[in-house]
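1. Build me a model from this:
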Amino acid sequence: MSIGRIDLNLIKVFDAVYEDRNLLRAGKRLNLSQSAVSHALTRLREVVGDELFVRTAKGMVPTARSAAMADGLRNSLRRIEATLGVEPFDPGKSTRRFAVAANDHLTAVMVAELSRLMAVEAPGIDLVVRPSTRLDLAEQIDVGKIDIAVGIFAQVPSRLSTRILMTQGELIVLRKGHPAARRKLALRDLARYPLVTVSVGGQEEGAVDGFILERGLARQAEMFDRHALEEALSADGLAPRYRTTVPHSLAIPALLHGSDMLSIMPSSLARSLAGAGELLVREPPYPTALSTFRAVWHSRNDHDPAHVWLQESIARVAQQVA
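-> Next up is the predicted model:
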C-alpha cells in the first residue's frame, strides 16, 4: 500500500463512523451528506483491501480489521490535529459537546459545579452525563462515546490516561431523632442497627472486593469499605446487617426517613445530603481507608486542547468539593 493513496479526510470519516456507528450522525459531525460518508468509506476500503464496517439494524458495526486499526489511526489523527492546530479551542466560543460518566453521588457534588463553571466560561458547550455504573464503561471510553469517566478505579489499563482529583474518607449518615443521634456512634451500633448501602454490582456481575473489572478497567461497585467494617465488627464477634441495598445513593434519604437504619458513604456525599437539614453525619467508630477519586480518559485525547480544558475544569471543581 502506498501512503500517497491515503487522504487524511478518509481517516476523519473513519474516526467519526467508528465513534458514532451511524452514517447520518457521522455526516452531521463532518458536515457531509450520508452518501458522501458512504463513498469515503468505500474509498478507504479499497485502499485497505478489506471490509471495515458491516451495516446492521443497530448501525455500522466495525469488523475485526477495523477494530485492529482503530486505536492507531485515531491516535495519529489527534496528534496531527494537535500539531497543526487544525482545531484551535476557545471555551468561550466553542459549541463542542462533552460526555462525562459519573455515578449519582459525583453528579450531585461535582457535575453540578462543573455545569455552573461551564455556564460562565463556556456557555456554548453542552454537557451530557452518562452513568459510570454501566457494564460497558471501558468500551464506551475506547470508542469515544465517553470523553471522561470520574470515580474510584482500582485498576486503569495503559491505553487510558488518569488524573487524581481528590481523596476522602467515609462518614455515617442517620436521621434526626435516631436513637443514637445524641451521642457518638459506637462500634456495636453498626451491628445493632441495620444498614442501607449502595452497590451497583455484586458477584453476579463479576464484582471482586468491591470492584468490577471490564476490559482492564476496574471500577468501584460499592460505595463503602465493606472489608474495614466487617473486620472491625468480627474482632468483637459481631456482624453487620445489610437490610437494604440500592443502586442509587440519592435514594438513601428517603430510606433513612422514619427508620433506624444507618448508611456509610463518601464524606462529600454525606455532607451534601445532610445539608438539607434532615440527616446527621457521624465519624465511623473504626478505621477506614481513604478513597482516591480519579478522572480517566483515552490517551488519544492527551493533546486535544478542548479535552485538556475539560480535564482541568473537572480538576478545579474537584478541589472545591474536596
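2. Following the chain past the longest helix belonging to the chain, name the next helix or strand.
-> In the chain, assigned by DSSP state H, the helix with the most residues is helix 64-84. Sequence order places strand 97-102 as the next helix or strand after helix 64-84, per DSSP states H and E.
3. Outside of the next helix or strand after that next one itself, list whatever touches it.
-> Note on strand 97-102: by DSSP H and E, the next helix or strand toward the C-terminus is helix 104-106. Residues from elsewhere that reach helix 104-106 (Cβ atoms under 8 Å, 6 or more residues apart in numbering): 132, 150-151, 198, 223, 248-250, 265-266, 268-269, 293. For glycine as for every other residue, the C-beta is placed from the backbone atoms N, C-alpha and C.
4. try stretch 171-188
-> 189, 193, 232-233, 236, 238, 252, 256-267, 270-271, 273-274, 278-286.
5. hang on, the earlier thing: can you list the helices and strands that the longest helix of the chain packs against?
-> helix 8-20 (3 or more Cβ pairs under 8 Å, 6 or more residues apart in numbering; DSSP states H and E).
6. before we move on, the earlier item: pull out the buried members of the contacts of helix 104-106.
-> Those of the contacts of helix 104-106 that meet the buried threshold are 132, 150-151, 198, 223, 249-250, 265-266, 268-269, 293, by 16 or more other Cβ atoms under 10 Å.
7. Helices - which of these land there?
-> 268-269.
8. Now for the buried ones among the contacts of helix 104-106: which two are most distant?
-> Across the buried ones among the contacts of helix 104-106, the longest distance by Cβ to Cβ is 17.6 Å; it joins 250 and 293.
9. Just the buried ones from the contacts of stretch 171-188, in PyMOL syntax?
-> Those of these that count as buried under 16+ other Cβ under 10 Å are selected in PyMOL with:
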select buried, resi 189+193+232+233+252+256+259+260+261+262+263+264+265+266+267+270+271+273+274+279+280+282+284
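10. which ones among the contacts of stretch 171-188 are found in helices?
-> Those of the contacts of stretch 171-188 lying in helices (DSSP H): 189, 232-233, 252, 256, 267, 270-271, 273-274.
11. Need those residues in TSV (columns: distance to residue 215 and pLDDT).
-> TSV is the format used below for the ones in helices among the contacts of stretch 171-188 (distance: Cβ to Cβ, whole Å; pLDDT from 0 to 100):
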residue	distance to residue 215	pLDDT
189	40	97
232	34	96
233	35	96
252	30	93
256	36	96
267	30	94
270	32	94
271	34	92
273	33	91
274	37	92
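12. Name the nearest of those relative to residue 300.
-> residue 267 (34.2 Å).
13. ok, residue 267 touching residue 170?
-> Yes. Between residue 267 and residue 170 there is a contact at 6.3 Å, judged by Cβ atoms under 8 Å.
14. can you give me the offset of the longest helix of the chain from its chain's centre?
-> 23 Å (Cα atoms, centre = their mean, to the nearest Å).
15. and what of stretch 266-276?
-> Centre to centre, stretch against its chain (Cα atoms, centre = their mean), the figure for stretch 266-276 is 20 Å.
16. Just the pLDDT for residue 86.
-> Listed pLDDT for residue 86 reads 55.
17. whoops, residue 316 was the one
-> 93.
18. Now do the SS call for it.
-> Following DSSP: H, G, I helix; E, B strand; the rest coil, we place residue 316 in the helix state.
19. give me the number of residues near it?
-> Using other Cβ atoms under 10 Å, residue 316 has 13 other residues around it.
20. I'd guessed it sits against residue 121; true?
-> No. With contact defined as Cβ under 8 Å, residue 316 does not count as touching residue 121 (10.0 Å).
21. For residue 280, list each beta-bridge partner.
-> Beta-bridge partners for residue 280, by DSSP bridges, are residue 174.
22. Can you report how many residues lie near residue 234?
-> 11.
23. show me what contacts it?
-> Residue 234 touches nothing, counting by Cβ under 8 Å, 6+ apart.
24. at 10 Å what do you get?
-> residue 240 (Cβ atoms under 10 Å, 6 or more residues apart in numbering).
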